[in-house]
Structure formats: structure tokens, C-alpha cells
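Peer 1: need a structure here:
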Amino acid sequence: LQLVESGGGLVQPGESLTLSCAASGESLDDYAIAWFRQTPHNAREGVSCISSGGTIYYTNSVKGRFTISRDNAKNTAYLQLNDLRPEDTGVYYCATDPAYDEHYCGLVESYDYRGQGTQVTVSS
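Peer 2: Sure, this is the predicted structure:
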């Protein structure tokens, strides 16, 4: 299973981006998917996750601004980032794991597979 992220870039505060996480090699239908970010200070944070059954969690700092979704037909997950702030800057990477129950996912780094990440920079 391989994951490839795309969609990052340099934006101004208040702008939006849509990140994609495309999987190959295996179907994600039964996998939980999560987005993490690594800040310029090397802190790692779980941003959002979606279970195979569609249960969703967000870290508090992005609630109301970010939206996670998945398209199993395209074997792809997305993270819509709205109202971006400078503190959202970081490398965003997706991760996936089949071990979670269909109603659960986690924001800790316990996933078997992860991508290389895509850079998001928010600056005026």
C-alpha cells in the first residue's frame, strides 16, 4: 500500500487549500484514514481522522475550519483546509490502517502506513 499526498502550497491567512491522499496497491474501503502535520518546530499533531464507517474526529484547533472526507471509489481521502492561519503551517501527511473498528479512528501516530507529506505554508 502506498499513499501520495498532494495539494499543498503557499497561501495567505484566510485562504483555503484542498489536500488529497491517493492510495495504490490496496483498497482503502476497510481502512481508517488520518491526517497529521509536522510543524516547523518538529512538533507532530493529529489533525483529523475518518473511520471506514465514516466516523470523524478533529483536533480542537481545526474544528469548524477543516473538513475530512473520503471517496472509496477513487481510493482517495481529502482534507479541506479553510480559513488558514500561520499556525497551520507544516508538512501534512496522511496515514492509514486496517486495524480500527469501522466506527473508530485515532489522532495518535499508530497507523501502519503513511505518505511522504505535502507542505502547507500560511504567510502574509
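Peer 1: any idea which residue sits dead centre in this structure?
Peer 2: residue 35 (2.4 Å; C-alpha atoms, centre = their mean).
Peer 1: and whichever helix or strand that residue is part of, average pLDDT?
Peer 2: In the assignment (DSSP states H and E), residue 35 maps to strand 32-38. Strand 32-38 carries an average pLDDT of 97.
Peer 1: That strand pairs with which strands, parallel or anti?
Peer 2: Strands that pair with strand 32-38, judged by DSSP bridges, come out as strand 44-50 (antiparallel), strand 90-97 (antiparallel).
Peer 1: Between these, which one is closest to residue 23.
Peer 2: Closest approach to residue 23 among the strands paired with strand 32-38 is made by strand 90-97 (6.9 Å; C-beta to C-beta). Heads up, the C-betas are built off the backbone N, CA and C, glycines and all.
Peer 1: and for the closest one, what are the contacting residues?
Peer 2: For strand 90-97, contacts defined as C-beta atoms under 8 Å, 6 or more residues apart in numbering pick out 1, 3, 5, 8, 19, 21, 23, 28, 31-40, 47, 77, 79, 109-120.
Peer 1: Just the buried ones from these?
Peer 2: 3, 5, 8, 19, 21, 23, 28, 31-37, 47, 77, 79, 111, 113-115, 117-118, 120 (16 or more other C-beta atoms under 10 Å).
Peer 1: so where is the chain shaky, pLDDT-wise?
Peer 2: Low-confidence segments of the chain, defined by pLDDT under 70, are absent.
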